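Asks: sequence and predicted model, in that order:
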Amino acid sequence: MYQNKPLLVAEPAAVVEAESNEPFNLQLELKDLSFRDILFDYRNDVSPMKAHLDLNELSGKVKSIDLAKLDVQLEEVKLHNTKAEISLGKSEQTQIVKEEINKEVVAQVNNPWKISIDNIDFENNDLRFDDDNKPTLSSGMDYGHMDIKGFTLRAKDMIFTPTRYEGNITSGSFKEKSGFDLREFKTTFAYSDSGAYLHNLYVKTDRSLIKDRVDVSYPSLEGVTKDMGKLWMSASLSNSAISVRDILLFAPQLQANLKGNEQSVLQVNGKDKYGLGAMVKQEGDGIYATLSDSLMLDYNKWSVELVLFGNGRIPYPAKTRF
């Protein structure tokens, strides 16, 4: 499919909002869906964009779809052995496309959508995304140029609404071109506009192991964006090991600070209710936490001081400056 006109044209946010509020007076009577062996290629030379899909298997079982109530209930969604690529060329039109998509997302958030999926089964999928409007990073996870191989995800009891996501991920794994190798991921999770949690957490890479629980709470997303002092985070990490190499994949700006320690591993152990907590508040140009001394992470003007409750121990000096 080749298109020679703009993919999207700029519209005022109020227009996008009004269009998104128009009701769908439609109910779909669908049961079993199955798509196999589909090749799709899309190109747009005006809004320079390319997309390619090599679909091996996409199937699902539908419980109900009520578009008038914006309620979608699925018994199962399966995606196997599929390759998908999206590339955004460098141009003003590409920026317009991204801005219009953002407007549509904001507009849809204001609608009471609810999507429920009893079981998700994704296996051995390859995903690639390139945004040529962003420079390519020489190291670390590059969110503007991602290449994921073997993406596998199994989950159940998933619920998505504009203000809350929750579910149970029973297994997940993938490799990314940066070198990140996620070998196993399990958790029961929830995210809302007032907090988030990862319970029964198990994350295993080729170098790190993180398990147990992480909780984050805040009065509102807008409030915590303006004042980090309203953020509370606590964690219980049991027999966990975090590789510095994995840290550098997500924070490559710390390379100079951690030079010579790339092979190090941070050991963290806090059992049961003896978790690792951090209270953060904003002071001047930076962020600081006025909790007692266990571990200090200090990068430029950003500081977070962590405290261990109970008999948990971190085998590092009381204060460590990066």
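Replies: The structure has been received and is ready for your questions. Numbering: from 1, shown residues only.
Asks: what's the distance between the closest residue to residue 48 other than its chain neighbours and residue 126?
Replies: On the basis of C-beta to C-beta, 6 or more residues apart in numbering, the spatially nearest residue to residue 48 that is not a chain neighbour turns out to be residue 89, at 2.6 Å. In short, each C-beta sits where N, CA and C put it, glycine included. Remark: distance between residue 89 and residue 126 (C-beta to C-beta, to the nearest Å) = 21 Å.
Asks: likewise for residue 63?
Replies: Plainly put, residue 63 is 30 Å away from residue 126 if you go by C-beta to C-beta.
Asks: among the two, which residue is more densely surrounded?
Replies: The neighbour count for residue 63 versus residue 126, taken as other C-beta atoms under 10 Å, is higher for residue 126 (17 against 14).
Asks: which residues touch the closest residue to that one other than its chain neighbours?
Replies: The shortest distance from residue 126 to any residue that is not its chain neighbour, by C-beta to C-beta, 6+ apart, is 4.4 Å, and that residue is residue 83. By C-beta atoms under 8 Å, 6 or more residues apart in numbering, the contact list for residue 83 reads 52, 53, 54, 125, 126, 127, 128.
Asks: helix or strand for the second one, which one?
Replies: To tie it back to what came earlier, the one meant is residue 53. Assigned by DSSP states H and E, residue 53 belongs to strand 49-66.
Asks: do the fourth one as well
Replies: Per DSSP H and E, residue 125 falls inside strand 114-131.
Asks: and after that strand, which helix or strand comes next?
Replies: Once the chain leaves strand 114-131, the next helix or strand it forms, by DSSP H and E, is strand 145-160.
Asks: what helices or strands is that following strand leaning on?
Replies: Based on contacts counted as 3 or more C-beta pairs under 8 Å, 6 or more residues apart in numbering; DSSP states H and E, the elements that strand 145-160 packs against are strand 114-131, strand 164-176.
Asks: partners of the longest one in the sheet?
Replies: Sheet pairing of strand 114-131 (DSSP bridges) gives strand 71-80 (parallel), strand 83-88 (parallel), strand 145-160 (antiparallel).
Asks: could you do the shortest one as well?
Replies: If you go by DSSP bridges, strand 164-176 pairs up with strand 145-160 (antiparallel), strand 181-192 (antiparallel).
Asks: which residue is the nearest non-sequential neighbour of residue 118?
Replies: Of all residues not flanking residue 118 in the chain, residue 75 sits nearest, at 5.0 Å (C-beta to C-beta, 6+ apart).
Asks: how about low-confidence regions in the stretch 201-322 of the chain?
Replies: Under the criterion pLDDT under 70, the flagged ranges of the stretch 201-322 of the chain are 224, 228-229, 270-322.
Asks: strands along that one, start to end?
Replies: Under the criterion DSSP state E, counting those that start in this stretch, the stretch 201-322 of the chain carries strands at the ranges 209-217, 232-237, 240-243, 265-268, 276-279, 281-283, 286-288, 295-299, 302-308.
Asks: does anything pack onto the second one? Which helices or strands?
Replies: So that's strand 232-237. If contacts are counted by 3+ C-beta pairs under 8 Å, 6+ apart, strand 232-237 sits against strand 209-217, strand 276-279.
Asks: next, the angle from that strand to strand 209-217.
Replies: Here strand 232-237 runs at an angle of 160 degrees relative to strand 209-217 (axes from the mean of the first three to the mean of the last three C-alpha atoms, to 10 degrees).
Asks: perfect, that will be all.
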